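1. Sequence and predicted model, in that order:
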Protein chains: 2
Amino acid sequence: MPSFFPDGADRRVEIIEVGTRDGLQIEHHIVPAVDKIALINRMIDAGIRHIEVTSFVSPKAVPQLADAEEVLAGIRKRPDTNLMALVPNVRAAERALKTPVDGGVLLCSASDTHNRKNLNRSIAASLEGMRDVADLLQGGGKEVHGAIATAFGCPFEGEVTADNVLRIAEAYMTLGAQHLTLGDTTGMATPRNIRDTVALLRREFPGVDLCLHLHNTRGVGLANVLAGLEMGVRRFDASVGGLGGCPFAAGATGNICTEDLVYLLDECGWESGVSLEGAMEVAHQMEALLGKPLPGQVMRAGRRLRLHAADDVVTASG
Amino acid sequence: MPSFFPDGADRRVEIIEVGTRDGLQIEHHIVPAVDKIALINRMIDAGIRHIEVTSFVSPKAVPQLADAEEVLAGIRKRPDTNLMALVPNVRAAERALKTPVDGGVLLCSASDTHNRKNLNRSIAASLEGMRDVADLLQGGGKEVHGAIATAFGCPFEGEVTADNVLRIAEAYMTLGAQHLTLGDTTGMATPRNIRDTVALLRREFPGVDLCLHLHNTRGVGLANVLAGLEMGVRRFDASVGGLGGCPFAAGATGNICTEDLVYLLDECGWESGVSLEGAMEVAHQMEALLGKPLPGQVMRAGRRLRLHAADDVVTASG
């Protein structure tokens, strides 16, 4: 019987930390490479194995990530560390090959309007250009991961079509992508469309290794994680402190929060290998770097069984 | 097969709005009665049927709720409106009888330390005093609801015992309580202890009508709602805008947010009868009254299919 609780020995869930890529790319404050490296090294110390470090985009387009090579070169990898980066084109793949990155993430939106806005080309043009990118990466011994942005809805077009999702997924499968990430780019995923989209992909591509990239824009990010777990998904993107945001809504939260996700997984009996205490420390470090509070909740309230003295209470409540 | 999606005709979920009680009681700003009345009338217009309006506590102890009688008298009830208030003692019950409140909520913590801190007496003393309170309420034609605070953990004692939960539940059943509310007073509930506690109560008291009072202190409030739905729970407390807080953690969020809950229920196929648009308006009104942003997310991001023009984007992201 499917459940969001683990069943027997199937307890492992992989967390992919994307804060330094999906989070920092929209921050006004540019974090120096040395601070990013220190932060990522602490993530690794906290047990985070998969990190989407950066994006090989044009430094002019995204100055926040202009230090991609420097950051990747500075990270103290462990044998099981898996570093990833977005690789949007051939130029990016050429840059990736000269770094210790383990895998490149290809990206295409399920919405043509969003893809044009984000990558300045149609879905068809994106898919066409991917063969060369994948060949370069694979030729250089790098893994290829495929990500479908706006997989659960587009802020311009509304619902996306199953046809577009399947078409992009098929392109990734043909390229030999290791994982397929369904991106909830602007927080339009719900338990129901996660169930439906995951079921669709499993039907068309049995055995596909799915990852969910969820945002908490509408408050249901961790509820969506339970929906994903129930559908057998065992990989989730997240960002420390819930860093990130929504380009359309000031004050809306961004990616689901890594340490809140660790807390939820721990409490449900899943094993992510990530230390809650360690992830909270990284989140506090990120807050200090950016000089502002982040939306993560557990780092404020503390572990579940963090006890208080009876005279510690501000106001008791029912 | 249990699921957090509705199965056939079983689609109804009741939302109990507790913002003006659990939320306002810890705000420094005292909201005038006339504003509370306007807010509650708009909640009713938005389709909210159950409202825990206030608490008949001592005006000296909680000046924020000193206007209980005035507020209850001013509400424009509909035939299906169900107004509730906390009734902690005989004096409170006497006050309640002179108002149009429909039901009184009795409260006792599953943790003796928390009960002493909150109500200044032991669990045993609380249970002993309830008979008179319930008799008064029922004699005056009011319903009696039983609430167990710290049902999923106590910030002073840690885990609470099943014995304490069952002992208080039994006392409420004996008094003829209509509903039994499990209160996650400081946000220590998790999907697993919700499953276990609900299962325990159903085993001991088959047919008990359970309500979950969840806080989002550690970010998993709506994930916990899915866990409750899967266990057959169909009543949830919530507060507009996520008003409220945690007495131990500055910046931590409070009760789960009414409009975010409505959004989740709508998107999963449940029917609460509450208008998402209307609930968001009430949340914005609450923000205006308190002069500060509240943690609700949907009211910032907007409905799921709220579309944007392609030049409306601040920063595109993957």
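-> Done, it's in.
2. which residues in the stretch 1-150 of chain A form helices?
-> Secondary structure of the stretch 1-150 of chain A (DSSP state H, counting those that start in this stretch): helices located at A:33-45, A:68-74, A:90-97, A:112-119, A:123-139.
3. Mind checking these for the one nearest to chain B?
-> helix A:112-119 (4.0 Å; Cβ to the nearest Cβ). From N, CA and C alone the C-beta is placed, and that goes for glycine too.
4. contacting residues around the closest one?
-> Contact partners of helix A:112-119, identified using Cβ atoms under 8 Å, 6 or more residues apart in numbering or on different chains, comprise A:88, A:107-109, A:121-123, A:126, A:149-150, A:154-157, A:164, A:185, B:310, B:313, B:316-318.
5. Helix or strand: which one has the most centrally placed residue in chain A?
-> The centroid of chain A falls nearest to A:Asp237 when counting by Cα atoms, centre = their mean (3.0 Å). Using DSSP states H and E, A:Asp237 maps to strand A:235-238.
6. pLDDT averaged over that strand, what's the number?
-> Averaged across strand A:235-238, pLDDT comes to 98.
7. okay, the next helix or strand after it in CSV with CA atoms only?
-> Moving toward the C-terminus from strand A:235-238, the next helix or strand (DSSP H and E) is helix A:258-268. Output in CSV follows, covering the C-alpha atoms of helix A:258-268 (Å, rounded to 0.1, in the frame of the first residue of the first chain):
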residue,chain,number,x,y,z
THR,A,258,16.3,22.0,3.5
GLU,A,259,16.3,21.8,7.3
ASP,A,260,12.5,21.8,7.5
LEU,A,261,12.5,18.9,4.9
VAL,A,262,15.2,17.1,7.0
TYR,A,263,12.9,17.5,10.1
LEU,A,264,9.9,16.2,8.2
LEU,A,265,11.8,13.2,6.8
ASP,A,266,13.4,12.4,10.2
GLU,A,267,10.1,12.5,11.9
CYS,A,268,8.4,10.3,9.4
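8. Just checking the distance from helix A:258-268 to the centre of its chain.
-> What separates the centre of helix A:258-268 from the centre of its chain is 15 Å, taken as Cα atoms, centre = their mean, to the nearest Å.
9. now for it, which elements pack on it?
-> In terms of contacts (3 or more Cβ pairs under 8 Å, 6 or more residues apart in numbering or on different chains; DSSP states H and E), helix A:258-268 is packed against strand A:14-17, helix A:221-230, strand A:235-238, helix A:276-290, helix A:298-301, helix B:191-204.
10. Would you mind listing what in the stretch 51-200 of chain A touches chain B?
-> Applying Cβ under 8 Å from any Cβ of the partner chain, we find that the stretch 51-200 of chain A lies next to chain B at A:55, A:86, A:107, A:113-114, A:116-118, A:147, A:149, A:153, A:155-159, A:183, A:185, A:187-188, A:190-193, A:195.
11. Of these, which count as buried by neighbour count?
-> A:55, A:86, A:107, A:113-114, A:116-118, A:147, A:149, A:153, A:155-157, A:183, A:185, A:187-188, A:190-193, A:195 (16 or more other Cβ atoms under 10 Å in any protein chain shown).
12. Any idea which of the helices of the stretch 1-150 of chain A gets closest to B:Gln285?
-> Relative to B:Gln285, the nearest member of the helices of the stretch 1-150 of chain A by Cβ to Cβ is helix A:112-119, separated by 33.5 Å.
13. report the angle between the axes of that closest one and helix A:123-139?
-> Angle of helix A:112-119 versus helix A:123-139, following axes from the mean of the first three to the mean of the last three Cα atoms, to 10 degrees, is 50 degrees.
14. Just the CA atoms of helix A:112-119, as CSV, please.
-> Taking C-alpha atoms only, helix A:112-119 is exported to CSV below (Å, rounded to 0.1, in the frame of the first residue of the first chain):
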residue,chain,number,x,y,z
ASP,A,112,6.7,27.6,-24.3
THR,A,113,6.2,31.2,-23.0
HIS,A,114,8.2,30.5,-19.9
ASN,A,115,11.0,28.8,-21.9
ARG,A,116,11.2,31.8,-24.2
LYS,A,117,11.3,34.2,-21.2
ASN,A,118,13.8,32.1,-19.3
LEU,A,119,16.0,30.8,-22.0
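15. Test my guess that A:Gln25 contacts A:Pro59.
-> No: the criterion here is Cβ atoms under 8 Å, and A:Gln25 misses it with A:Pro59 at 12.0 Å.
16. Which one's more surrounded, those two?
-> A:Gln25 (22 against 12; other Cβ atoms under 10 Å in any protein chain shown).
17. Determine the three-state secondary structure at the residue nearest to A:Gly47 when sequence neighbours are not counted.
-> Counting by Cβ to Cβ, 6 or more residues apart in numbering or on different chains, A:Gly47 lies nearest to A:Val274, which is 4.4 Å off, once chain neighbours are set aside. Recorded secondary structure, A:Val274: coil (DSSP: H, G, I helix; E, B strand; the rest coil).
18. burial of A:Val274, as a residue count?
-> Using other Cβ under 10 Å, A:Val274 has 25 other residues around it.
19. Could you list which residues are in contact with the nearest residue to A:Ile37 once chain neighbours are set aside?
-> With sequence-adjacent residues excluded and distances taken as Cβ to Cβ, 6+ apart, A:Ile37 is closest to A:Gly74, at 3.8 Å. By Cβ under 8 Å, 6+ apart, A:Gly74 lies in contact with A:Ala33, A:Val34, A:Ile37.
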